[in-house]
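Enquirer: this one's structure only:
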């Protein structure tokens, strides 16, 4: 994670997110899945592209992005950071919340090119090695999740507040989490987790 | 210390000896304990295995063109879409490849000639990139010839509906052309019981279509292995009954040439992921193109694809002056564009269970109608008619109590069925925890003190109601294998997905309890059809009940086999005699296939189709009801119609396998989801046409709508049912009952009664949106 310099995308993926679950590729191995008929290589690539650079979870990265790609799509598809979930793609549910220059944003509403030069923090960057972040610990301890699909978004929104205001009131935390929707665990345990994280921070 | 919600759990230790008799070795060290959820570490690090994260190299992206209209003849032109670079396949309903495809019975894979609901998929695109797929979808041209639409349950079920969506009309009830299913319940003479009543209440109660709304939309994926075997992945609640066989149909392969993979966590379902639609589209595209594919419904399609049908209840209820209930008479209407999961009697057969689940009636007459209409598509929805039925029964009962000037708790306790009593469909009541949970809920409500005084236009109101949820037998067979390894580890090999409700943890707790080994020594293997035995589902709050029995049975079998192999009495910490670890030839594991819980276990009964009465010799369709109670306080701004829930108590009566999990269900998909059902969740529609197709236009509650932590309380008042001479296995495994769905059963009616209390006008329709409240107040 501490690698300096302008690392390539592949190199970054290998180094920084090794061990991420990447669906079937991890389970079956790409080589086992034959695709009769047509080649795997995409017939079309980026049509209108630009080179962008981010500081992604502390690592400087740069890549070529299509002008239509969102930051959420880049995180998921180019860096295999699947923790940033896309629920609605319209900025309504908050599942894709990341910190951009310290501010919680729905990354599905940020064009990848508009984030050029930004510092991006995602759920994958929360833990320090094996040591979970206090927010992560608080969400586990208080069962601040059920299916967990919205959880990374809630945790990043929590971090966005706590980085600026380490001692928030319940109402301030409510405001910070008001852009995130959870359908299954409701908000009681999420609020308890977030407020406990504030105490621990 | 940070503020926490209040959480009360009744004494569980009193059940220890009964649990021991059922095979518990660990003296409740694991079962009933607040074991930390095993999914936690993967969820908080963003590495949980959801199907939507599938990333097979070269996979095509599938997207849909959806109908604008609710009812229209259509002509679809896909020629322009096919010219978009990167587009590999475009399909519409009348393409030759589509011949012979239907999704489930009456539902086409893609609309053929006509659309029957707004949002119905009319064409699909498979492309190399999301952008190419989006561009192609935009270029698909649909020519609509709009038809009249039938969009309310009353109209759809009537003798002169505005439209006949399916020809020939099914007319399952004479004179009602669209009705495709009819279910009556008859118990004694309802007219005589009304004649014997001192007070009679009649009213109509309504609830709209409501989508399941999981934040993670339905997803499926498919890929070839070689040229004759397909792997299919689905974000589904189980893999066996529908997802696997239907994927094989769409893959064009025999079932043994298709491996269906379930996720580690199905990202919330509420019934909406029982089918697994995305997997069928992916399997079909992969079959036609030879390419891997992924199909994630966008929320526009997801919200229309699965919902609870709209319900209209016409209720007549009678009582004596002393509050004794006499008669219940009702007609219930529901509708949807296709019969999926509404057909075969599903919902109305369960409405029967809800009507008789809590209260004693002298006579009942119920007629349930399900009809075709141009409303949103439906699928089994959390509680499968329990919240809907309790909504009507409980509000009518509350209104009767108000007419009699009687206390809401007193009238409920007076009429609650007792353990061992026969109900109005001839079943013996079993595991009746209603009285206990209602009393405890009321006791906590009393701690609120007096109702706050009005603050200008803001008025406060309170309500307390009950609810019930059946667990029905005969729907499910649950089989598990256990693999015992001499290094001390056990693998659970089974179907049934954790939807976030804690199944991955609770099933480990069962094995730990039965074998007296730590949770860390138990694992649940990846769910796929090559590996796990057949199970019918993780639905209807049955995976804990049925799965628990299968796990206990398998664990008991495992203990015997360990004793046989090691030649000594079972020791939880010493399995060293299994095989020879120094030899690569001697097996160092035992696979136990003895765990099965099947309908035969509880000798399921039949019901008389003309009366819904349970027939002998077994007299049981419902294994047990779980019971709930809720109390709410709301603040209503009578100038704006806005509602704020200020206090909430939610009670349930099961012995919890894991109280933390049950409370999470109660607070989340009970309290918050129920608040949405009661106050906000209604799609913006005009004549069945969706006007806004995202979360913005179908508002779910957010954290800002939730009461403050100190104002939320949960009550678990556990009950151990008696067997009444029946097979003791009608009680839960270790006495534990699954209850995820029931938690929503008491909510909508309680919130609505609290709002009605605040504004002094009785509301009978949800959601109680500001416009309805202002209309009731004569201000709109």
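Expert: Okay, I see it. On a predicted model such as this, the values are computed, not experimentally measured, just so you know.

Enquirer: how's chain A carved up into domains?
Expert: The record's domain parsing of chain A by automatic domain parsing lists A:9-33+A:48-125, A:134-200.

Enquirer: and those domains: which comes nearest residue B:148?
Expert: domain A:9-33+A:48-125 (32.1 Å; Cβ to Cβ). All C-beta spots, glycine's among them, are computed from the backbone N, C-alpha and C.

Enquirer: can you tell me which of the domains of chain A the model trusts least?
Expert: With a mean of 81, domain A:9-33+A:48-125 has the lowest mean pLDDT of these.

Enquirer: backbone phi and psi for residue 104, please?
Expert: Assuming you mean chain A. Main-chain dihedrals, residue A:104, degrees, to the nearest 10: phi -70, psi 120.

Enquirer: sorry, I should have been clearer: chain B.
Expert: phi -150, psi 110.

Enquirer: so what's it bridging to?
Expert: residue B:107 (DSSP bridges).

Enquirer: what's the neighbour count on it?
Expert: Applying other Cβ atoms under 10 Å in any protein chain shown, we find 17 residues neighbouring residue B:104.

Enquirer: try the one 4 residues further on
Expert: Residue B:108 has 19 neighbours, counted by other Cβ under 10 Å.

Enquirer: residue B:450 now?
Expert: Residue B:450: 6 neighbours (other Cβ under 10 Å).

Enquirer: how about residue B:113?
Expert: Residue B:113, neighbours per other Cβ under 10 Å, totals 11.

Enquirer: with residue B:296 instead?
Expert: With other Cβ under 10 Å as criterion, residue B:296 counts 24.

Enquirer: and residue B:273, how far from residue B:773?
Expert: 34 Å (Cβ to Cβ, to the nearest Å).

Enquirer: between these two, which is the more surrounded one?
Expert: Higher neighbour count among residue B:273 and residue B:773: residue B:273, with 33 against 25, using other Cβ under 10 Å.

Enquirer: check contacts around that one.
Expert: B:212, B:214, B:218, B:235, B:236, B:237, B:266, B:499 (Cβ atoms under 8 Å, 6 or more residues apart in numbering or on different chains).

Enquirer: per-residue pLDDT, it?
Expert: Value for residue B:273, per-residue pLDDT: 91.

Enquirer: ok, now residue B:622?
Expert: For residue B:622, the model assigns a pLDDT of 88.

Enquirer: now stretch B:675-689: how far from the chain's centre is it?
Expert: On the basis of Cα atoms, centre = their mean, to the nearest Å, stretch B:675-689 is displaced by 19 Å from the centre of the chain it belongs to.

Enquirer: state the mean pLDDT of it.
Expert: Here the average pLDDT along stretch B:675-689 is 94.

Enquirer: quote the end-to-end distance of stretch A:100-112.
Expert: 12 Å (Cα to Cα, to the nearest Å).

Enquirer: hmm, it in reach of chain B?
Expert: No. Between stretch A:100-112 and chain B, judged by Cβ under 8 Å from any Cβ of the partner chain, nothing touches; the nearest distance is 11.5 Å.

Enquirer: centre of the chain to that stretch, how far?
Expert: Counting by Cα atoms, centre = their mean, stretch A:100-112 comes out at 10 Å from the chain centroid.

Enquirer: and that stretch, which residues are buried?
Expert: A:100, A:104, A:105, A:106, A:107, A:108, A:110, A:111, A:112 (16 or more other Cβ atoms under 10 Å in any protein chain shown).

Enquirer: didn't the first one look like it was pressed against residue A:118?
Expert: Yes. Counting by Cβ atoms under 8 Å, residue A:100 does reach residue A:118; the two are 5.1 Å apart.

Enquirer: which stretches of the stretch 301-450 of chain B have low pLDDT?
Expert: Regions of the stretch 301-450 of chain B meeting the criterion pLDDT under 70 cover residues B:340-345.

Enquirer: not counting residues beside it along the chain, what's closest to the residue in chain A positioned nearest to chain B?
Expert: Using Cβ to the nearest Cβ, the single residue of chain A nearest to chain B is residue A:83, 1.7 Å away. Nearest non-adjacent residue to residue A:83, counting by Cβ to Cβ, 6 or more residues apart in numbering or on different chains: residue B:46, 1.7 Å away.

Enquirer: how much space between residue B:491 and residue B:558?
Expert: 11 Å.

Enquirer: and residue 66, what are its bridge partners?
Expert: No chain was given, so I picked chain A. Beta-bridge partners of residue A:66, as defined by DSSP bridges: residue A:49.

Enquirer: I was thinking of chain B, sorry if that wasn't clear
Expert: residue B:121.

Enquirer: does chain A sit close to the biggest helix by length in chain B?
Expert: What stands out as the longest helix in chain B, according to DSSP state H, is helix B:543-566. No. Judged by Cβ under 8 Å from any Cβ, helix B:543-566 stays clear of chain A, getting no closer than 14.6 Å.

Enquirer: got the end-to-end distance for stretch B:372-392?
Expert: With Cα to Cα, one end of stretch B:372-392 sits 22 Å from the other.

Enquirer: sorry, slip of the keys, the one I care about is stretch B:773-780.
Expert: Stretch B:773-780: ends 9 Å apart by Cα to Cα.

Enquirer: let me see the mean pLDDT of that stretch.
Expert: Per-residue scores along stretch B:773-780 average to 96.

Enquirer: okay then, goodbye and thanks.
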